[in-house]
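Enquirer: next one to model:
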Amino acid sequence: MIATRIREALQAEAARGRSVDVRIGLGYTAVLTDSECAGVAYTPREDLEHGCSPFHEARPLAGRRLSDLLAYLESREPIERAIGLATANAVVAALPPRSVTGGDILRALALRPADRVGMVGCFEPLIAHLQTQVASLTIFERSGGWMVGVQPAERALDLLPTCSVALITSTSLITESLDALLEAAAGCREVALLGPSTPLLPEVFADTPVTWLSGIRIENPEKVLRVVSEGGGIRNFSPYVQKVNLRLPGRGEEASTRSRDGLQDQAGRLVRDAVAREASRHPATGEEDTP
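Expert: Numbering: from 1, shown residues only. Below you'll find the model as predicted:
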């Protein structure tokens, strides 16, 4: 499972640090480490138990080893998985920075007019642009029904195989649906994992269909934690983060290479044909030789 891979990839680094602060907000969960790095993950409020205390594990969370909190990634409880993913993103934030492309994913993703895009989770700011750039856009959302054409989330497993591009919310790590979604998207040319919860760990996704990791780098942890505590989300803490996109070498890139090689081969044949035709012309007049 992807969650297990994330834990294993970060276990050694997490064992060296501790949490300083943990916030479980209505929109997002945040973890601040003793290296002054922070990470966030979506708070799965739809899946929380009713009552005034949805988190039942030992407190306080602040001061715990990061490896202990990272282990929550594989918990059976959604709120604990959110804490584990926020911890993972905080640990990643302390690693040497990787080469990324800034801005929204659509500025980095090479879309084609014939593309059929499947969007798992509704990324509303992307919808209007996509509808003008691709052949079709199908949105899969757990709370479907609020917009015409939105499909129930479970339909993604059936319909993603018919898509050429898949945009998948990283909260699927918290709902434990990512592994099945990636299997369904195995035939897609491009597969992007999106959202502030996205772990920027390309090695974890090396043998999956994922071609892009689109997440955030937190530039002002104090401000982000305050927003989380006050029930805010990405629109509220966006001034304090940088949107980043990390390209993975994958089948999307290989397809682009094959397409480019094919165009080069075609261009070469055209040049060779033109040279052959020119060679058959009279050297003085340029007219074609006659028998």
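
Enquirer: residue 208 is in what secondary structure piece?
Expert: Under the criterion DSSP states H and E, no helix or strand holds residue 208.

Enquirer: list the contacts of it.
Expert: For residue 208, the set of contacting residues under the criterion of Cβ atoms under 8 Å, 6 or more residues apart in numbering consists of 2, 182, 191. The way it works is simple: take the backbone N, C-alpha and C, and place the C-beta from them, glycine included.

Enquirer: need phi/psi at it.
Expert: According to degrees, to the nearest 10, the main-chain angles of residue 208 amount to phi -110, psi 170.

Enquirer: same question, residue 95
Expert: Its backbone dihedrals place residue 95 at phi -80, psi 160, with angles given as degrees, to the nearest 10.

Enquirer: in contact with it, which residues?
Expert: With Cβ under 8 Å, 6+ apart as the criterion, the residues that contact residue 95 are residue 13.

Enquirer: from now on call the first residue 2
Expert: In the new numbering, first residue 2, that becomes residue 96.

Enquirer: just the element for residue 158, please.
Expert: Using DSSP H and E, residue 158 falls within helix 157-160.

Enquirer: which strands and helices sit next to the next helix or strand after that helix?
Expert: Using DSSP H and E, the next helix or strand after helix 157-160 towards the C-terminus is strand 166-170. Contact here means 3 or more Cβ pairs under 8 Å, 6 or more residues apart in numbering; DSSP states H and E; on that basis strand 166-170 packs against strand 117-121, helix 179-185, strand 191-195.

Enquirer: pull up the pairing partners for the first one, direction included.
Expert: According to DSSP bridges, strand 117-121 forms sheet pairs with strand 137-142 (parallel), strand 166-170 (parallel).

Enquirer: and the last one, by the same measure?
Expert: Paired neighbours of strand 191-195 in the sheet (DSSP bridges): strand 166-170 (parallel), strand 213-219 (parallel).

Enquirer: residue 230: what's it in contact with?
Expert: Residue 230 touches 24, 26, counting by Cβ under 8 Å, 6+ apart.

Enquirer: and for the one 4 residues further on?
Expert: Neighbouring residues of residue 234 by Cβ under 8 Å, 6+ apart: 28-29, 228.

Enquirer: just the buried residues from these, in ChimeraX please.
Expert: A single ChimeraX command selects the buried members of the contacts of residue 234 (16 or more other Cβ atoms under 10 Å):
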select :28,29,228
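
Enquirer: which ones among the contacts of residue 234 are found in strands?
Expert: Judged by DSSP state E, the subset of the contacts of residue 234 located in strands is residue 29.

Enquirer: okay, the contacts of residue 234 in TSV with distance to residue 51 next?
Expert: Rendered in TSV, the data for those read as follows (distance: Cβ to Cβ, whole Å):
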residue	distance to residue 51
28	19
29	21
228	26
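
Enquirer: residue boundaries of the strands in this protein?
Expert: Using DSSP E, the strands assigned to the chain run over residues 20-25, 29-34, 39-43, 102-103, 117-121, 137-142, 152-153, 166-170, 191-195, 213-219, 242-248.

Enquirer: how about those strands in CSV, adding distance to residue 64 and mean pLDDT?
Expert: Rendered in CSV, the data for these read as follows (distance: least, Cβ to Cβ, whole Å; pLDDT from 0 to 100):
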stretch, distance to residue 64, mean pLDDT
strand 20-25, 7, 96
strand 29-34, 11, 98
strand 39-43, 16, 98
strand 102-103, 34, 93
strand 117-121, 36, 97
strand 137-142, 38, 95
strand 152-153, 42, 92
strand 166-170, 31, 98
strand 191-195, 31, 97
strand 213-219, 21, 97
strand 242-248, 25, 97
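
Enquirer: quick one, which of those strands is nearest to residue 75?
Expert: Across these, the minimum distance to residue 75, taken as Cβ to Cβ, is reached by strand 39-43, at 14.2 Å.

Enquirer: contact partners of the closest one?
Expert: Strand 39-43 is contacted by residues 28-33, 83-94, 171-172, 174-175, 196-198, 217, 219, 222, 225-226, 229, 238 when judged by Cβ under 8 Å, 6+ apart.

Enquirer: can I get the buried ones among the contacts of residue 209 as something I can paste into ChimeraX?
Expert: A single ChimeraX command selects the buried members of those (16+ other Cβ under 10 Å):
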select :3,183,192
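
Enquirer: of the contacts of residue 209, closest to residue 207?
Expert: Within the contacts of residue 209, the smallest distance to residue 207 is 11.4 Å, found for residue 3 (Cβ to Cβ).
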